[in-house]
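[1] Sequence first, then the predicted structure, then my questions.
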Amino acid sequence: MSFLQIKNLEKSFGATRILKDVSLEIEEGGFLVLVGPSGCGKSTLLNTIAGLEPITGGEIRIAGRDVAGLHPSKRDIAMVFQSYALYPNMTVSGNIAFGMEIRGVPKPEREAAIAKVADMLQIGHLLDRKPSQLSGGQRQRVAMGRALVRDPQVFLFDEPLSNLDAKLRIDMRTEIKRLHQRMKTTIVYVTHDQIEAMTLATKIAVLKDGILQQFGTPAEIYNNPVNMFVADFMGSPAMNLVPATIGTDGNALTANFEREGRPAVSLALTNPPAGLAAFQGKQVIFGVRPEALTDPDGADRNASSTATADLHIEVVEPAGSDTFAVTNLGGKGVVARLRADANVQPGTVTPLTFNLTKTVFFDPATEARIH
Amino acid sequence: MATISVAAPRVAANPRATLQEWLPKLVLAPSFALILLFVYGFIVFTGVLSFTGSKLLPDFSTWVGFGNYVRLFNHPNWITALKNLAIFATLYIVVCSVLGLGLAILLDQKIRGEGVLRPIYLYPMALSFIVTGVAWKWFLDPGIGLEHVMHSWGWESFSFRWIKEGKFAIYTIVIAAVWQSSGFVMAMFLAGLRGVDNEIIKAAQIDGASTVTIYRRIIIPLMRPVFLSAFVVLAHLAIKSYDLVVAMTDGGPGTATWTPALFMQKFTFGRNEMAMGASSAIIMMMMIFSIIVPYLYSELRGGRRQ
Amino acid sequence: MSAVSQDNATRTGIFARALIYSLLLIFAVYYLLPLYVMVVNSLKPLDEIREGNMLNLPRQWTIAPWLSAWSTAQIGVSPTGLKPYFLNSILMVVPAVALSTILGALNGYVLTKWRFKGDTIVFGLMLLACFIPFQIVLIPSARILGLTGLAGTITGLVLIHAIYGLGFTTLFFRNYYEAFPTELVRAAQIDGASFFQIFRRILLPSSGPIIVVTVIWQFTNIWNDFLFGSSFSSFDSIPITVALNNLVNSSTGVKEYNVHFAGAILAALPTLIVYVVSGRYFVRGLMAGAVKG
């Protein structure tokens, strides 16, 4: 039974459509991440779930209840903001207690709740300080404490880690994940960072220009992107997207890559997607992630279908744990991820193995996946 | 020239470099010197004057010590002036602040036509106090102003003669002064309100606070610096107020609306009591400085840390 | 504030908004009323004012009061109207504004880009000078003007206003230039530019907004000044504010209210026009002068 349901959501500001027919859901205790580039509507979507923005069409249900028109304070939600939004003129305990005061919770209960949350987040020693006296990470935790003390049905996070420096961001990310495992509350989390999305989510919704691109588990999003945008946006380093022409060698379909000043590379596709047959003689976009293109000795031996080709290496980037090699196919730079000790030199030709079980194909006109 | 302590000059490679090094201070120097003389020098002059027995002209030969100050504080006109200042300043500051804050809050509610309303509230600031004084003087005059208007509309028993009554005349000055300055206070508060982080408001809404509570417990407390700035500016204007009083009542009826500034002018140039005038000016200055100096000191020190 | 909820919001929302708009409108009337009264009554014949109602529109429109205020009204001993004093004000304001603005700009430049030991004290003293009650400098100023033969002249007034305006103009420019990146100045120094070259070619071109703000502020304050005007001027150099006060408060004869109002509007016109035209900059000036200290 899904806990949070969004059906055909429409949101417009005047004449501009911000969110277009968005539908998704998350089960109780799940961690839904809304991810996408700036301006894709993810924060607006979060605000409509919170009730801070009215919706133009569609439906939002929390625990089966239609929340349209319901004031944010009545939706049993709590929110952590990008700028933390702590009340500057109140102490930390004042900040945490404010919502409870408004709801008329008696003082002893308030104190107990504050103590419990302070203990959980290790901010007990900060209770008498004002927000201006706290560091970024401390403010972050107070903001979470304020949300936790509400004990809501759904937690909403609006890019909470964007204002932190890199190391702190990774530490806080782990803390949030730990908190989720402990509290098992449903979370909706907005970020533009796809690594945060991948590491934290049980379900990811990728948004672009107000349209839901794909909704699925991290593994699905990563391995089975439904279009070129999702394939390119998720994963770091990004997936290689290369133009190729589909041909045949008599037995099976082949993917053929032009190369400047060199003969074309042809890969025999032993188990291509069914829809690819219709593209024989035409151009497609061939997608392969760097980790699926590697030196033959380092390749996955369990892969059921592979193809190896001799490729000219242009640049070698030793990164410590891996070595990245850049070659050129179809006029584009293609990044391959090799073992750290692989013996590759720029300017030489070396065999590289494609793991064909992990490659994907896209229609260049629609940018949609070819299945 | 001035009391600037100069950093140790580097060894100059050529005369041009030395000139360049001194040029900034040279450029600043005339202005600074002028201010030292015309402001601080003159303050000292007036201060010394207040200890003499000068009547029509400065006369440094007669020394009376604090005699003038004693006479000052025993003088009924000065006491009246101080009382008027207390009433006027308090009402002026409080009413302007409340009105300014109120109007700013109203305007902050996403009002259509804000672009028209705001200039209307603010334009009185562009007027001379004399113009304001003239307008309100006749508007509050019983003969042709408000009282007369009410009578001609049939409300025969309406009476508004404050401007002619000793006890109430000072309040008419308050009305005119508030009219002039509250728009400016409103502009300050509006800027302050707009500087509040919107996400704080959202968080308070999620916490369930009503709009009134949000203003009362979160937004208005955040306006403390604006209150302070407004207070400093208004207090300073109140102590200095002279033009408005001259235009509206010229201190009348009788001496009912005398203010310290008026006292100084009348005694120095009207009654040939220059030394008394000087001492009244010194007292005025001390009042202003007791507010401004701490304020400026804290502002400059805080600013330096940036 | 973002628009919040929709629960029962429409009903209470409309009521609340009606209340807000009516309050705002009532206060708009409060602010506009004196102006309305002045304009309307400046176009009435005198008996209509005395017999009639101040708030009524003129039954008989006449511009005679305006003509009188401008050229024939009795100011002090001469029946010249306000015209000569209007001109006096212009002759006084323009040089004073120019002088104090230029000096203020240079001072601001030095104080922010050519720091030296004790510059904060210097600035502090100049800033404090903005707040003195001018009564305290009246007597010595009068002496100096007398000694230099400038007493009762427009030149004397120009100097006084320029000097006492220095505090504010320096404050405005100093705050503005503080935010201006110092690296540009250093880069120009490395390129060999001199003190004045840097000012002229790097800071000045970007100074548009603050020059406008400063000029408006100084213009408004000096034009509207009464204290210095009444203390240091004599028959031929009286500025318009003093003349207006003489017109209104001379106790001889019949009070010609309509002429008074016309005169007041004449005196207020320049600053009002400046305000209407520049709006935003005017406010910026008020804020900069007040909030920063």
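    Right, received. Where do you want to start?
[2] hey, where'd the helices end up in the stretch 1-150 of chain B?
    Under the criterion DSSP state H, counting those that start in this stretch, the stretch 1-150 of chain B contains helices at B:15-35, B:42-49, B:67-74, B:76-107, B:114-122, B:129-139, B:146-152.
[3] Tell me the buried residues in the last one?
    Of the residues in helix B:146-152, B:146-150 count as buried by neighbour count, 16 or more other C-beta atoms under 10 Å in any protein chain shown. Bear in mind the C-beta positions are built from the backbone N, C-alpha and C, glycine included.
[4] closest point of the stretch 51-200 of chain A to chain C, which residue?
    A:H71 (3.8 Å; C-beta to the nearest C-beta).
[5] Out of the helices of the stretch 1-150 of chain B, indicate the one that is most buried.
    helix B:129-139 (a mean of 27; mean count of other C-beta atoms under 10 Å in any protein chain shown).
[6] which bits of chain B sit near chain A?
    Proximity of chain B to chain A (C-beta under 8 Å from any C-beta of the partner chain) is limited to residues B:197, B:199-200, B:202-209, B:213, B:217-218, B:221-222.
[7] restrict those to those near chain C?
    Taking C-beta under 8 Å from any C-beta as the test, chain C is in contact with B:202, B:205 out of the residues of chain B next to chain A.
[8] Most neighbours among the residues of chain B next to chain A, please name it.
    B:A203 (30 neighbours; other C-beta atoms under 10 Å in any protein chain shown).
[9] low-scoring pLDDT stretches of the stretch 1-150 of chain B, where are they?
    B:1-17, B:19 (pLDDT under 70).
[10] Which residue ranges of the chain form helices?
    No chain was given, so I picked chain A. A:42-50, A:92-103, A:107-121, A:136-148, A:166-183, A:194-200, A:218-223, A:228-233 (DSSP state H).
[11] To clarify, I was referring to chain C.
    Going by DSSP H, chain C shows helices at C:9-41, C:46-51, C:64-67, C:83-113, C:119-128, C:135-147, C:154-178, C:182-190, C:195-198, C:208-224, C:227-232, C:240-249, C:257-278, C:280-291.
[12] Kindly present these as a markdown table, with separate columns for mean neighbour count and distance to A:N227.
    Output for the helices of chain C, formatted as a markdown table (neighbours: other C-beta atoms under 10 Å in any protein chain shown; distance: least, C-beta to C-beta, whole Å):
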| stretch | mean neighbour count | distance to A:N227 |
| --- | --- | --- |
| helix C:9-41 | 15 | 40 |
| helix C:46-51 | 15 | 80 |
| helix C:64-67 | 18 | 75 |
| helix C:83-113 | 22 | 54 |
| helix C:119-128 | 19 | 61 |
| helix C:135-147 | 20 | 77 |
| helix C:154-178 | 24 | 51 |
| helix C:182-190 | 13 | 46 |
| helix C:195-198 | 17 | 55 |
| helix C:208-224 | 22 | 48 |
| helix C:227-232 | 23 | 75 |
| helix C:240-249 | 25 | 73 |
| helix C:257-278 | 22 | 53 |
| helix C:280-291 | 20 | 47 |
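[13] closest one to chain B among the helices of chain A?
    Evaluated with C-beta to the nearest C-beta, the helices of chain A place helix A:92-103 nearest to chain B, the distance being 3.5 Å.
[14] outside of that closest one, which residues touch it?
    Helix A:92-103 has contacts (C-beta atoms under 8 Å, 6 or more residues apart in numbering or on different chains) with A:73, A:86-87, A:90, A:109-110, A:113-114, A:117-118, A:123, A:126-131, A:134, A:142, A:145-146, A:149-150, B:204, B:206-209, B:213, B:217.
[15] Any quick ChimeraX command for the buried ones out of those?
    Per 16+ other C-beta under 10 Å, the buried members of the contacts of helix A:92-103 correspond to this ChimeraX selection:
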select /A:73,86,87,90,110,113,114,117,118,123,126,127,130,131,134,142,145,146,149,150 /B:204,206,207,208,209,217
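[16] circling back: reformat the helices of chain A as JSON lines; add mean pLDDT.
    JSON lines is the format used below for these (pLDDT from 0 to 100):
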{"stretch": "helix A:42-50", "mean pLDDT": "93"}
{"stretch": "helix A:92-103", "mean pLDDT": "91"}
{"stretch": "helix A:107-121", "mean pLDDT": "91"}
{"stretch": "helix A:136-148", "mean pLDDT": "91"}
{"stretch": "helix A:166-183", "mean pLDDT": "89"}
{"stretch": "helix A:194-200", "mean pLDDT": "91"}
{"stretch": "helix A:218-223", "mean pLDDT": "93"}
{"stretch": "helix A:228-233", "mean pLDDT": "94"}
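[17] how about the residues of the stretch 201-306 of chain B near chain C?
    Counting by C-beta under 8 Å from any C-beta, the stretch 201-306 of chain B sits next to chain C at B:201-202, B:205, B:211, B:214, B:226, B:229-230, B:232-233, B:236, B:239-240, B:242-243, B:246-247, B:250, B:261, B:264-265, B:268-269, B:274, B:277-278, B:280-282, B:284-285, B:288-289, B:292-293, B:295-296, B:299-300, B:304.
[18] Check those residues for burial and list the buried ones.
    B:201-202, B:205, B:214, B:226, B:229-230, B:232-233, B:236, B:239-240, B:242-243, B:246-247, B:250, B:261, B:264-265, B:268-269, B:274, B:277-278, B:280-282, B:284-285, B:288-289, B:292, B:295-296, B:299.
[19] B:F42 and chain C, how far apart?
    4 Å (C-beta to the nearest C-beta, to the nearest Å).
[20] give the contact list for that residue.
    C:136-137, C:140-141.
[21] Closest to A:L32 out of those residues?
    Here the nearest of the contacts of B:F42 to A:L32, counting by C-beta to C-beta, is C:I136; it sits at 69.6 Å.
[22] What sits closest to the closest one if chain neighbours are left out?
    In space, and not counting its chain neighbours, C:I136 is closest to B:A281: 4.2 Å by C-beta to C-beta, 6 or more residues apart in numbering or on different chains.
[23] residue contacts, the one you found?
    B:A281 neighbours (C-beta under 8 Å, 6+ apart): B:46, B:50, B:264, C:133, C:135-136, C:138-139.
[24] which secondary structure element contains it?
    Taking DSSP states H and E as the criterion, B:A281 maps to helix B:274-304.
[25] Tell me what angle that helix forms with helix B:67-74.
    Here helix B:274-304 runs at an angle of 90 degrees relative to helix B:67-74 (axes from the mean of the first three to the mean of the last three C-alpha atoms, to 10 degrees).
[26] the inter-axis angle of helix B:274-304 versus helix C:154-178?
    Using the same axes, to 10 degrees: helix B:274-304 against helix C:154-178 is 20 degrees.
[27] Now find how far off-centre helix B:274-304 is within its chain.
    12 Å (C-alpha atoms, centre = their mean, to the nearest Å).
[28] what does stretch B:136-144 give?
    25 Å.
[29] Also stretch B:121-137?
    Centre to centre, stretch against its chain (C-alpha atoms, centre = their mean), the figure for stretch B:121-137 is 15 Å.
[30] What of stretch A:188-206?
    4 Å.
[31] Pull out the buried positions in it.
    Neighbour-count burial for stretch A:188-206 [16+ other C-beta under 10 Å]: A:188-194, A:196-198, A:200-206.
[32] go on, stretch A:170-178?
    Neighbour count says stretch A:170-178 has A:172-173, A:175-177 buried, by 16+ other C-beta under 10 Å.
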